[in-house]
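3D model of this:
(one chain, ligands or ions: 3)
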Amino acid sequence: MKILLLGKNGQVGWELQRSLAPLGEVIALGSDSVQWCGNFLDLAGIDATVRAIAPDVIVNAAAYTAVDKAESDADACATVNAKAPGVLAAVAAETGALLVHYSTDYVFDGSGEAPRDETAPTGPLSVYGSTKLDGEQAIVRSGCQYLIFRTSWVYAARGGNFAKTMLRLAGERDRLSVVADQIGAPTGAELIADVTAHAIRSTRAQPELSGIYHLAAAGETSWHGYASYVIDVARQAGVPVKVANEAIAAVGSEAFPAPAARPKNSRLDTAKLQAAFSLTLPEWQRGVARMLSEILEK
Ligand SMILES: NC(=O)C1=CN([C@@H]2O[C@H](COP(=O)(O)OP(=O)(O)OC[C@H]3O[C@@H](n4cnc5c(N)ncnc54)[C@H](OP(=O)(O)O)[C@@H]3O)[C@@H](O)[C@H]2O)C=CC1
Ligand SMILES: Cc1cn([C@H]2C[C@H](O)[C@@H](COP(=O)(O)OP(=O)(O)O[C@H]3O[C@@H](C)C(=O)[C@@H](O)[C@H]3O)O2)c(=O)[nH]c1=O
Ligand SMILES: [Mg+2]
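Ligands and ions are numbered 1, 2, ... in the order given. As a prediction, the model looks like this:
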């Protein structure tokens, strides 16, 4: 099996370089690749690259993920998150390749408290969420065989994420304010990459497994609960933190104004994935603790 991995240097892309290796020949590209075009702003280049490599599986881990910046950079965000996946899907539809792609809880409007399943109506609140939804829909419309994993609150030992921002701020400040009315599940890039490899194997054998799946760790927390957990683990590991637990103020979203609105309810119902691929997704704390042990023991 020949696999083309795009976005190899991102949180998920980096873990996919590891998890996809046993499946076959992996050609991994980043936006800075020179031998082939890896830049999603060059749609013609991406089209030519995929056709020249002619992979059996395309795994797209590239995306414009700067949620707040996207609000004032909509065109670039749409090209990367919607148009480029449309180009990948068109080639996959023509060649019969399987396209694997990632989307987000931010395609939902965050109303209510019930976890969303894959049939729930969407209603993105941000440019980022809208472009990610457009990308999903371009893939579904193309008629190609696909696996789209909607995930949430992704972290990795490597790369930028909320947990690492909190660790940095906890070392610098003696007070923090963190929103407590946005609820979701922090999900490790490692878990996503492992589930992806497993799902590709199964779908290559059973094409009817193709579709959209929610993929998030089990359990739930708020960003405030997540920050408190991360800082507590760091403190117990002997990392010097300036902020005392009671100085991590739980605030409403309105107290933390940001260019992009975020959904309050980011809960994802993952029953379809767990049933289709015979998986049990672990509680969010397990992966976060593992990531922290990796970065704190350096
Ligand atoms: N991060 C999160 O919290 C969540 C992410 N997701 C989705 O999961 C997937 C992976 O996310 P994650 O690994 O966290 O993302 P990262 O932000 O860690 O990585 C994104 C990757 O996309 C690449 N990229 C950005 N712009 C371009 C471009 N113009 N051309 C080619 N490549 C580009 C970046 O490469 P470079 O650095 O070279 O620019 C980077 O390697 C994405 O589809 C994302 O939408 C879903 C839910 C949550
Ligand atoms: C840094 C910081 C953030 N926050 C709030 C802002 C925001 O509502 C929430 C999350 O902050 P961030 O901006 O780091 O997280 P954000 O970039 O919105 O994370 C999102 O990334 C995209 C790619 C996704 O697909 C989503 O699933 C989600 O993971 O925490 C605080 O309340 N206090 C703080 O000190
Ligand atoms: Mg972010």
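
which residues sit in contact with the closest residue to ligand 1 within the chain?
Minimum separation of the chain from ligand 1 (CB to the nearest ligand atom) falls at G10, amounting to 2.3 Å. C-betas here are computed from N, CA, C, even on glycine. Neighbouring residues of G10 by CB atoms under 8 Å, 6 or more residues apart in numbering: A61, A62, A63, T65, G159.

nearest spatial neighbour of the third one, skipping sequence neighbours?
In this structure, A63 finds its nearest non-sequential neighbour in N81, 5.6 Å apart by CB to CB, 6 or more residues apart in numbering.

and that neighbour, that's in a helix?
Yes: checked against DSSP: H, G, I helix; E, B strand; the rest coil, N81 lies within a helix.

ok, so of the contacts of G10, who is nearest T203?
Closest to T203 out of the contacts of G10 is A61 (17.0 Å), distances taken as CB to CB.

ok, the closest one - how many residues close by?
Residues contacting A61 under the criterion other CB atoms under 10 Å number 26.

what about it, distance to S19?
Counting by CB to CB, to the nearest Å, the gap between A61 and S19 amounts to 11 Å.

Check N9 too.
In this structure, N9 lies at 15 Å from S19, with CB to CB as the measure.

So what's the residue count around the residue nearest to A63?
Burial measure for N81: 28 neighbouring residues, criterion other CB under 10 Å.

try A138
Neighbour count for A138, taken as other CB under 10 Å: 20.

For it, identify the helix or strand it belongs to.
helix 127-142 (DSSP states H and E).

List the residues that contact D47.
Taking CB under 8 Å, 6+ apart, we find D47 in contact with V87, A90, V91.

now with 10 Å?
C37, A84, V87, L88, A90, V91 (CB atoms under 10 Å, 6 or more residues apart in numbering).

Over to G238?
Contacts here follow CB under 10 Å, 6+ apart; on that basis G238 touches L296.
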